[in-house]
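**Q** sequence-free structure coming up:
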């Protein structure tokens, strides 16, 4: 994947977060991307996290950036395996991703779908055959977007940093998999 990091789609590049990259700029992108959820009253951690929180969250995995020239326009952080809390309704050993964010002015350009594919590719390359994620059960459009891409609801969870019940979704990355 590192070798293919240059060409994401016409006019955009893909690369790993580097030491000189601005966490302030990354945090601002994430806030812009999750602003619609905040307006709807859903306190996604990504909608209000501090720069320190961003640093902590990207430190938990591989952070990938989509750039257009020098402009940061997308991101996702992936990890495998992902350590789930006790009682979380997904099996151990799965990979996960978080902070999947695309600048709102570029929605519909396919960047979110490409970042999702990248996350799944990296999770598989890191040795996990399954992905687990969670998002607000109230974010019906977002849950639908994941379901159309093969994610299956397996339970619910409530994080102490949000104000909503999360739906937990899994996708089996193995060929012929059943989603859980």
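**A** Here it is on my side, so go on. The shown structure was predicted, so the numbers you read here are calculated from the model rather than taken from an experiment.
**Q** Give me the contact list for the helix or strand bottoming out on mean pLDDT in the chain.
**A** Least confident helix or strand, the chain: helix 45-48 with a mean of 82, by mean pLDDT, DSSP states H and E. Contact with helix 45-48 is made by 30-31, 33-35, 37-38, 53, 98-99, 101, 159, 161-162, as judged by CB atoms under 8 Å, 6 or more residues apart in numbering. (Each C-beta comes from the backbone N, C-alpha and C, glycine too.)
**Q** Can you tell me the closest non-neighbouring residue to residue 103?
**A** Excluding the flanking residues, the one nearest residue 103 by CB to CB, 6 or more residues apart in numbering is residue 73, at 4.5 Å.
**Q** how about whichever strand or helix holds the one you found: buried residues?
**A** Residue 73 belongs to strand 71-79 when assigned by DSSP states H and E. By 16 or more other CB atoms under 10 Å, the buried positions in strand 71-79 come out as 72, 73, 74, 75, 76, 77, 78, 79.
**Q** what about the strands in this structure?
**A** Secondary structure of the chain (DSSP state E): strands located at 13-16, 62-68, 71-79, 96-102, 130-136, 152-157, 166-172.
**Q** any chance of these in a markdown table, with distance to residue 111 and mean pLDDT too?
**A** Converted to a markdown table, the strands of the chain look like this (distance: least, CB to CB, whole Å; pLDDT from 0 to 100):
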| stretch | distance to residue 111 | mean pLDDT |
| --- | --- | --- |
| strand 13-16 | 10 | 96 |
| strand 62-68 | 6 | 97 |
| strand 71-79 | 5 | 96 |
| strand 96-102 | 5 | 95 |
| strand 130-136 | 18 | 92 |
| strand 152-157 | 24 | 91 |
| strand 166-172 | 19 | 93 |
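**Q** Which one of those lies nearest to residue 85?
**A** Shortest distance between residue 85 and those, using CB to CB, is found for strand 152-157: 8.2 Å.
**Q** Counting by contacts, list what the closest one packs against.
**A** Here strand 152-157 touches strand 166-172, going by 3 or more CB pairs under 8 Å, 6 or more residues apart in numbering; DSSP states H and E.
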